[in-house]
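Q: Pasting the sequence and the predicted model now:
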Amino acid sequence: MRPPTSVRACPRAKRTAVVRAVAGSTALLSALLFTGCASLGAEPGYTPRTASGTIVSEDELTSATFEVETFLRTLDDGETEEIGEVRFTDLTAPVATLGVGGELIGSAAGPCFDTGLRTGGGDISVGPAEGPQTSTMPMDAEGREVAELVLLVHEQDPNAECFYRVVARAPLVWDEQ
């Protein structure tokens, strides 16, 4: 799949957003530079959404503050898809890399992120960083909206109960528009 060539909405002018879909993966990894909503053109009737909060593991070893801001991207077939840019600050964890994902409404939340109705946003690095760690992911799938943000660990043991173990969860509560 080639990267999208246009963005149909601009949630925030003058920022870089991560938008390229990687073939064979749910990760979204490359960037488009926004120069302003007027030059990109806004999708009629679309209002970007925002959410923010804190995500903390039960053992309190993994934590971060997050902000989510949505925008639309145009797919190759001309349809649009709502994408959430998730920015993590003050990220701490006992591992070097965490996966980012979203549990969809109606999905059974459990210790594993291997099956079920989910959406993924790739990996983020833990440790000193200049600025927030950023990931992007679709905000819905199969007609269901993301209800919960999750942080994951990729298990290295092939005999582990999960390939992707959920270490922290936080509900997504959208700000009022």
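A: Ah, there it is.
Q: which residues in the chain form helices?
A: 37-40 (DSSP state H).
Q: which sections of it are below the confidence cut-off?
A: By pLDDT under 70, the low-scoring segments of the chain are 1-43, 177.
Q: give me that answer again for 80
A: 1-44, 106, 108, 115-116, 128-131, 142, 176-177 (pLDDT under 80).
Q: so what's the backbone phi/psi at the spatially most distant residue from the centre of the chain?
A: With distances taken from the mean C-alpha point of the chain and given as C-alpha atoms, centre = their mean, the most distant residue is residue 159, at 27.9 Å. As for residue 159, its main-chain torsions (degrees, to the nearest 10) stand at phi -100, psi 0.
Q: From here on, call the first residue 624.
A: Noted, 624 is the first residue going forward, which turns the last one into residue 782.
Q: Who are the contact partners of it?
A: With contacts defined as C-beta atoms under 8 Å, 6 or more residues apart in numbering, residue 782 has no neighbours. Glycine gets a C-beta too; all of them are placed from N, C-alpha and C.
Q: ok, residue 709 touching residue 693?
A: No - counting by C-beta atoms under 8 Å, residue 709 does not reach residue 693; the two are 10.1 Å apart.
Q: Which of those two has more residues huddled nearby?
A: residue 709 (27 against 19; other C-beta atoms under 10 Å).
Q: one step back: where's the residue farthest from the centre of the chain relative to residue 688, distance?
A: 35 Å (C-beta to C-beta, to the nearest Å).
Q: cool, and residue 752?
A: Separation of residue 752 from residue 688 (C-beta to C-beta): 13 Å.
Q: Likewise for residue 710?
A: With distances taken as C-beta to C-beta, residue 710 is found 9 Å from residue 688.
Q: out of these two, which sits in the busier spot?
A: Comparing residue 710 with residue 688 by other C-beta under 10 Å, the one with more neighbours is residue 710, at 19 against 15.
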